[in-house]
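Enquirer: Just to be clear, the model below is a prediction. Sequence and coordinates:
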Amino acid sequence: MSIYAPQTAEAQARRTRAGRVVAVLVLLVGAAILGPQAFASDGATEPAAVDVYAVGSGETLWDIAAARTEAGDDVRDTMADIQHLNAMSDTALIAGQQIYVPVS
């Protein structure tokens, strides 16, 4: 005597449908979690014109940004641009370090 009861076609179809629903839900949840992170951006942007700059002894990011900031513009915005171009988490610089700076 078998411990498993014979399955009807209806029970098999129900289980198959339930499996498909679970698979679709898993895919949707995975796309919702991973999708926005994988494709997040600020939108389409023009490539930025940059120069490579060698940091001098005693120079600060403020000094470098101030020299490249147009009159009337905010130096902090230029600093943020330089940090973004160089993936800098802070404003620390080392003499001799080469960084990208926006063309003024």
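Expert: Nice, I can see it.

Enquirer: can you tell me the distance between the two ends of stretch 68-87?
Expert: Counting by Cα to Cα, to the nearest Å, you get 19 Å between the two ends of stretch 68-87.

Enquirer: which residues are in contact with that stretch?
Expert: 48, 50, 61-62, 64-66, 88-89, 91, 99-102, 104 (Cβ atoms under 8 Å, 6 or more residues apart in numbering). All C-beta atoms are positioned from the backbone trio N, CA, C, and that covers glycine.

Enquirer: if we go to 10 Å?
Expert: Applying Cβ atoms under 10 Å, 6 or more residues apart in numbering, the external contacts of stretch 68-87 come out as 42, 48, 50-51, 53, 60-67, 88-91, 93, 97-104.

Enquirer: That one: which residues count as buried?
Expert: 68, 69, 75, 78, 79, 81, 82, 83, 86 (16 or more other Cβ atoms under 10 Å).

Enquirer: Got the domain ranges for this structure?
Expert: Here the domain parsing of the chain from automatic domain parsing is 7-40, 50-102.

Enquirer: hey, least reliable of those domains by pLDDT?
Expert: Ranked on mean pLDDT, the bottom entry among the domains of the chain is domain 7-40, at a mean of 62.

Enquirer: still on that earlier bit, which of the contacts of stretch 68-87 are buried?
Expert: By 16+ other Cβ under 10 Å, the contacts of stretch 68-87 give 53, 61, 64, 65, 93, 99, 101, 102 as buried.

Enquirer: Just flag the most distant two among those residues.
Expert: Farthest pair in the buried ones among the contacts of stretch 68-87 (Cβ to Cβ) is 93 and 102. Separation: 16.1 Å.

Enquirer: circling back: closest to residue 21 among the buried ones among the contacts of stretch 68-87?
Expert: Nearest to residue 21 among the buried ones among the contacts of stretch 68-87: residue 102, at 51.9 Å, using Cβ to Cβ.

Enquirer: Need the phi and psi values for that closest one.
Expert: phi -70, psi 140 (degrees, to the nearest 10).

Enquirer: next one: residue 95
Expert: phi -60, psi 130.
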